[in-house]
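S.K.: Any chance you could fold what I've pasted below:
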Amino acid sequence: MEGREANEYIVVIGLGLGREGRRGMTITARQLKDMRWRLSNLYHVINRSGHDELFPPNEIQSDILNRMWYRNIVLKSRKRGTSTLIALLALDTALFQKNQNCQMINDTMNHAEELFERTIMYAYDHLPEEIKYISPVKTRTQRMVVFHHTEGSVIQVGTSSVGTTPTFLHVSELGKISFDTPLRAKSIQTGSIEAVASDGNQMVWIESTAWGKTGLFREMVDLARKHRDSGRRLSKLDMKLLFYPWHMGADNRLFESDQVISEVMEEYFRKLGVTLDIDQKRWYCKKYDDLGPDTLIQHPSTEDEPFSVAIEGAYFAHQFRRIYSEKRIGHIPIVEGIPIHTSWDYGINHDYMTIWFWQYVDGFLNAVDYYENSNQGMDHYVRVLEGRGYRYGTHYGPHDLRIKEISHKTRQELAAEMGLRFKVVPRIGHKMDAIEMARKILDHVKFDEVRCGVGITHLEQYRKKWNPKTTGWSDEPAETGDQHAADALMTMAQQNDFNFTSAVILGGDKADGWTVGRW
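M.R.: All right, here's what the predicted structure looks like:
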């Protein structure tokens with residue numbers, strides 16, 4: 001055989017094959033039946049340096065093999081080799097088990113085809129000829145391969161698998177999919193994951209880095225954590241959580257470097273409660289220098305960490321990176337003697353209403369409270385304001401308040417009859433102009449972490465709509481429900497009573513001016 005010396009040989013006992021193979025290698029029937037042995041001795045991969053090598057399961061891949069369940073959800077740091085391992089498991093399943101339908105779902109078709117060619121088919125093409133003789137290809141395209149010997153076992157890659165009944169399912173980057181296209185993520189859940197039966201050895205693999213604080217992937221991780229923490233025995237339909245932080249394994253080290261490790265980072269490492277060597281610390285500090293808070297997403301240390309940061313496509317991602325780095329989210333006390341102002345988003349047909357509560361203190365606009373509700377009349381929100389017991393300044397409302405209701409009165413007039421007087425902010429012609437105004441005001445905002453927690457999450461998740469046709473971001477906000485809190489923030493940003501360079505600040509200094517616009 002080309003590229004092999006004459007004294008290379010392979011013997012497959014019980015199969016009657018004595019053809020040449022790897023140098024000094026003997027394969028027995030018993031070995032060939034052992035999945036762990038096959039993974040470590042048969043498959044070739046392209047390593048990080050771009051070179052061919054026999055697949056050596058690293059520490060994390062070995063841990064996955066030791067802990068894997070029928071349904072697995074893998075939360076991980078980047079470049080841990082999980083996709084490679086799962087792809088080889090799919091290939092091994094199709095080669096050595098009959099009637100297997102292995103479906104591999106990726107976030108994009110390009111990624112799907114790359115996984116198919118550079119991992120799955122590369123490993124097959126570099127198998128010993130004896131193994132390919134045992135399991136020949138029947139049909140092969142750029143997205144699918146069918147094997148003859150295992151009675152039509154198939155591996156197919158794509159961006160969905162609706163209409164099939166997988167026996168082995170891999171969903172890669174579900175976090176990104178659920179962030180970009182929530183409806184597609186739901187379709188994968190209902191049309192693919194739910195299609196996998198549990199009466200045999202069917203397997204489901206969901207692996208991803210985290211994308212955002214909410215979404216299907218976050219929900220599935222949280223449910224798997226609850227199952228684990230409860231200590232109850234998992235059924236074949238329950239997801240098992242496997243978490244792999246950046247510091248696990250021999251990788252992720254920076255050698256022979258003068259990378260600075262700051263006191264802040266040393267304190268961070270101390271709080272982790274794990275033993276780190278100097279090269280690991282240097283590697284992480286270098287990543288943080290390059291990525292900033294995005295490091296928490298790409299290379300998490302804990303299970304909670306990657307869900308704490310705003311990400312790509314979010315309108316206010318840059319602003320919240322600064323807010324977190326400047327520690328402007330935390331306990332923000334309400335200061336006596338300073339009026340509280342509100343800004344609102346008024347939902348169509350009362351479907352959703354959001355209110356931010358603000359105080360101007362020491363050069364910052366403090367978000368001290370947040371409230372949202374739906375399908376409630378204005379009287380409900382009047383009671384909410386009264387129940388807070390705050391001393392109010394001005395209530396800023398959107399231009400929608402000038403729309404007339406069935407009573408032929410504007411919403412602003414109806415609210416005034418209940419004792420709530422709004423000041424309507426000017427209408428902004430282009431949404432991006434309003435968003436830009438909100439970005440500027442966020443550079444001067446502090447948030448109370450507890451009272452404004454829900455609103456903060458909405459602002460971080462407020463994002464552009466993903467256009468699957470162009471595989472890019474559109475100019476329109478996504479209708480995810482997060483837009484209401486953002487619109488209420490924009491209401492505050494659009495008011496023209498003050499700015500951060502003006503000496504005139506919202507409502508005056510005297511107590512008798514606090515209730516301007518209230519009752």
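S.K.: quick one: the helices in the stretch 301-450 of the chain?
M.R.: 317-325, 378-388, 411-417, 431-442 (DSSP state H, counting those that start in this stretch).
S.K.: can you state the direction angle for the longest one and helix 317-325?
M.R.: Helix 431-442 runs at 10 degrees relative to helix 317-325, counting by axes from the mean of the first three to the mean of the last three Cα atoms, to 10 degrees.
S.K.: Show me the strands in the stretch 251-400 of the chain, by range?
M.R.: Secondary structure of the stretch 251-400 of the chain (DSSP state E, counting those that start in this stretch): strands at 329-330, 340-346, 353-361, 364-373, 392-397.
S.K.: could you dump those strands to a markdown table with mean neighbour count and distance to residue 81?
M.R.: Heads up, the C-betas are built off the backbone N, CA and C, glycines and all. Below are the strands of the stretch 251-400 of the chain laid out as a markdown table (neighbours: other Cβ atoms under 10 Å; distance: least, Cβ to Cβ, whole Å):
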| stretch | mean neighbour count | distance to residue 81 |
| --- | --- | --- |
| strand 329-330 | 14 | 35 |
| strand 340-346 | 25 | 45 |
| strand 353-361 | 22 | 44 |
| strand 364-373 | 21 | 42 |
| strand 392-397 | 23 | 52 |
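S.K.: Just to be sure, residue 186 is in a helix?
M.R.: Yes: counting by DSSP: H, G, I helix; E, B strand; the rest coil, residue 186 falls inside a helix.
S.K.: can you pull the contacts of it?
M.R.: The contact partners of residue 186, by Cβ atoms under 8 Å, 6 or more residues apart in numbering, come to residue 216.
S.K.: Number of residues surrounding the residue nearest to residue 305 when sequence neighbours are not counted?
M.R.: Using Cβ to Cβ, 6 or more residues apart in numbering and skipping residues adjacent in sequence, the residue nearest residue 305 is residue 296, 4.8 Å away. Applying other Cβ atoms under 10 Å, we find 20 residues neighbouring residue 296.
S.K.: what do you get for residue 292?
M.R.: Residues near residue 292, counting by other Cβ under 10 Å: 15.
S.K.: Run a quick check on it versus residue 322, I expect a contact.
M.R.: No: the pair residue 292 / residue 322 is not scored as a contact, 9.4 Å apart, by Cβ atoms under 8 Å.
S.K.: Distance-wise, check the residue most central in space within the chain relative to residue 128.
M.R.: The residue lying closest to the centre of the chain (Cα atoms, centre = their mean) is residue 211, at 1.7 Å. The span separating residue 211 from residue 128 equals 40 Å under the rule Cβ to Cβ, to the nearest Å.
S.K.: With residue 431 instead?
M.R.: 60 Å.
S.K.: May I see the helices of the stretch 301-450 of the chain organised as TSV, with mean pLDDT added?
M.R.: Listed next are the helices of the stretch 301-450 of the chain as TSV, based on pLDDT from 0 to 100:
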stretch	mean pLDDT
helix 317-325	84
helix 378-388	91
helix 411-417	86
helix 431-442	92
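S.K.: Now tabulate those in CSV and tack on distance to residue 423.
M.R.: As requested, the helices of the stretch 301-450 of the chain are exported to CSV (distance: least, Cβ to Cβ, whole Å):
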stretch, distance to residue 423
helix 317-325, 25
helix 378-388, 15
helix 411-417, 9
helix 431-442, 17
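S.K.: a markdown table please, covering those and showing mean neighbour count.
M.R.: Shown next, in a markdown table, are the helices of the stretch 301-450 of the chain (neighbours: other Cβ atoms under 10 Å):
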| stretch | mean neighbour count |
| --- | --- |
| helix 317-325 | 17 |
| helix 378-388 | 15 |
| helix 411-417 | 17 |
| helix 431-442 | 17 |
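S.K.: Which one of those lies nearest to residue 58?
M.R.: helix 317-325 (31.7 Å; Cβ to Cβ).
S.K.: which residues touch that closest one?
M.R.: 292-294, 309-311, 314, 329, 439, 442-443, 445, 447, 459-460.
S.K.: Just the CA trace of it, in CSV.
M.R.: This file holds the C-alpha atoms of helix 317-325, laid out as CSV (Å, rounded to 0.1, in the frame of the first residue of the first chain):
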residue,chain,number,x,y,z
ALA,A,317,-23.0,45.1,24.4
HIS,A,318,-20.2,47.7,24.5
GLN,A,319,-21.9,49.8,27.1
PHE,A,320,-22.5,46.9,29.4
ARG,A,321,-18.9,45.8,29.1
ARG,A,322,-17.9,49.2,30.5
ILE,A,323,-20.7,49.1,33.1
TYR,A,324,-19.4,45.8,34.4
SER,A,325,-15.8,46.7,34.3
